[in-house]
Every structure is written in structure tokens, then in C-alpha cells.
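Enquirer: Based on what follows, work out the 3D shape:
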Amino acid sequence: MAQETDPEAAAGHEPELAPARPESETPGPPPAPATTAPQPETAKPSPEAQPALPDPAADEPTMVRDVLITLLDLMGAHTKVDLELRPDGYYANLKTRSSNGLLIGYRGSTMRSLQYLVRQIVRKFHPDVPVVTVDVSGYLARRESFLSKKATAVARIVLETRREMALDMLTEKEMETVELALEAIPGVRVYALGTGLRRNVIIAPVS
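Expert: Take a look at the predicted model:
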């Protein structure tokens, strides 16, 4: 019966033996590869994070729309913008389903901030841009209707009691709405206490 032979022995080579490890030497973990300390990287804003600048060559209506859309995108509110030029300036109605409260703010404060920013930015390119009014899903019309009805109801109480009554703090535009509603009610007058954006509006009987 033929015996198997080692290929290296048959070729005339003795197999190499690994050197013996002393019994006292115990294998340790392999040395860690040499690393260099990481260098701090300067954070660079991604192109998506940069707000789009208005096109200086754009006409006035296009720039008003583009600036408003850019501000809305930065707020994370993606809405449809209906823009029209009226005799008293631009009217932009924002149509959204889930961001009404965010865009309106407390009694329209966010809308007023948006229309102020839009006009200030556009004025750098079109100095004669008219007033820009920002509305959200017809909020301004509902607000005017509410103020007219409330002012009328308060005026009738004033006529009965002969004592003046205060409304909520209103903007100058809202006070004009109240004055217009009270033109049809003789015997009452309206005046404001305070100055600035918001003022305390009083309805009083005519003495």
C-alpha cells in the first residue's frame, strides 16, 4: 500500500517551523495603528440652507412674490401665494391648510411682520413699491367683519348707558374699520388712547 508523502519533503525541502514562544510570554493585543489627531473642520453651510437672493433684474410684482415665497420657505411654510395689485397696493393672499395659525400670529402680528419685511427688501431695488398687504386664507376680511359687528354692538350699549366703553387694542387700520362701521350710528364717537402700532380704542357718547 502506497504511503502519502508531504509535497515539500518530496521536493527536497524541510518544512519551516515557527519559532517557539517562551512559556512566560503571553500574547498581547495587536498594537493599535498609528493615527493622527483629527483636525477641526470649518462648517460650511449647504447650498440648500442659503436663502435665494432676489433677482435685481426682476420686475416689481415678480420680486414681491419671490421675496415673500423665500421668507415663507425659511419659516418652513409652503403655501400658495395669490398676488394682485390693487389701487392701495399689493395684496398677497396665502392659502394653506396646516400653517394658518403660524402665519397669522397673535391677531395678525406675523402677517404684519411679513408684509413689512417684504416691502423693505423690495424697496432696495424698487424704491417706489407701494404698500404690501399679507393675508392668510381671507383672515383680514373675517377680522374686519368681526370688528364691525363688535363696534356696532358696543356703540348701542354706549347709547343706552351713556357711558364710554373700550374695545381691544387695535392697529390704525383696524381703527379705521371701526370708524367706518360707526358712521351709520349717530350719537357716538371713537377715539384712541396711546400711540404706536397698537392703541386702546374708546367708543363714547357724544355729549
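Enquirer: Can you pull up the most central residue in the chain?
Expert: Geometric centre of the chain, nearest residue: Met75, 2.2 Å, by Cα atoms, centre = their mean.
Enquirer: Make sure it is actually in contact with Leu102.
Expert: Yes: judged on Cβ atoms under 8 Å, Met75 makes contact with Leu102 at a distance of 7.1 Å. Just so you know, the C-beta spots here come from the backbone N, C-alpha and C atoms, and that holds for glycine as well.
Enquirer: If you rank every helix and strand of this protein by mean pLDDT, what lands last?
Expert: helix 7-10 (a mean of 42; mean pLDDT, DSSP states H and E).
Enquirer: Buried by neighbour count: which residues of the following helix or strand past it qualify?
Expert: Using DSSP states H and E, the helix or strand that follows helix 7-10 towards the C-terminus is helix 60-74. Residues Met63, Val64, Arg65, Asp66, Val67, Leu68, Ile69, Thr70, Leu71, Leu72 are the ones in helix 60-74 that count as buried (16 or more other Cβ atoms under 10 Å).
Enquirer: got it, and stretch 126-133?
Expert: Across stretch 126-133, burial judged by 16+ other Cβ under 10 Å covers Val129, Pro130, Val132, Thr133.
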